[in-house]
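**Student:** next one to model:
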Amino acid sequence: MWTSVIENPEAIRSIFAEEPSLTSVRLMKFELSEDGPTANLSLALADYPSSPPSRWARVGANAVTLVLQLMGLSGVSLNGWGTENPVSCELRRQTSDECVITVQGATITLNAVCRAVRVAHVEGYKRIA
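**Tutor:** Numbers count the residues shown, from 1 in each chain. So this is what the prediction gives:
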């Protein structure tokens with residue numbers, strides 16, 4: 001369960017009754033920052049909560065964006081990128097103070113090592129088919 005790796009699992013558990021899958025997601029954005037250093041992964045989830053927050057209903061949301069922040073980034077490798085990046089994302093704790101993130105898809109391979117991972121943002125939006 002990937003939520004056992006993150007610093008703030010309540011950010012997910014407060015919205016989803018069951019942990020959303022990180023397989024068959026879409027990597028929308030990957031940002032690096034020297035502050036920390038950190039990286040942000042923006043993922044469009046395939047899962048939608050059964051009881052979404054009321055503000056999502058007001059905007060007609062039918063999809064979810066999850067932003068994971070990788071803190072204390074110590075290594076990153078990126079190979080490939082495309083206009084659409086369907087991927088599978090795996091988070092695991094390698095040691096007590098080291099997390100490994102692997103993102104794999106047909107157009108991209110991303111590997112990162114950091115001290116901690118947290119949910120920076122979860123937002124509902126209206127996906128237009």
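
**Student:** show me the beta-bridge partners of the residue nearest in space to the middle of the chain.
**Tutor:** The centroid of the chain falls nearest to Leu68 when counting by Cα atoms, centre = their mean (4.3 Å). Bridge pairing for Leu68 (DSSP bridges) gives the partners Leu41, Val119.

**Student:** ok, so what distance separates it from Lys126?
**Tutor:** 22 Å (Cβ to Cβ, to the nearest Å). The C-beta positions use only the backbone N, C-alpha and C, and glycine is treated the same way.

**Student:** can you check Leu78 too?
**Tutor:** Using Cβ to Cβ, one gets 30 Å for the distance from Leu78 to Lys126.

**Student:** tell me which of these two has more neighbours.
**Tutor:** More crowded of Leu78 and Lys126, by other Cβ atoms under 10 Å: Leu78, with 14 against 10.

**Student:** and the more buried one, what does it touch?
**Tutor:** 30, 108-110 (Cβ atoms under 8 Å, 6 or more residues apart in numbering).

**Student:** go again using 10 Å as the cut-off
**Tutor:** 30, 32, 39, 103, 108-112 (Cβ atoms under 10 Å, 6 or more residues apart in numbering).

**Student:** now these in CSV, with distance to Trp56?
**Tutor:** Output for the contacts of Leu78, formatted as CSV (distance: Cβ to Cβ, whole Å):
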residue, distance to Trp56
Phe30, 25
Leu32, 29
Ala39, 26
Val103, 26
Ile108, 28
Thr109, 32
Leu110, 28
Asn111, 32
Ala112, 29
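
**Student:** just the residues you listed: which are in strands?
**Tutor:** 30, 32, 39, 103, 109-112 (DSSP state E).
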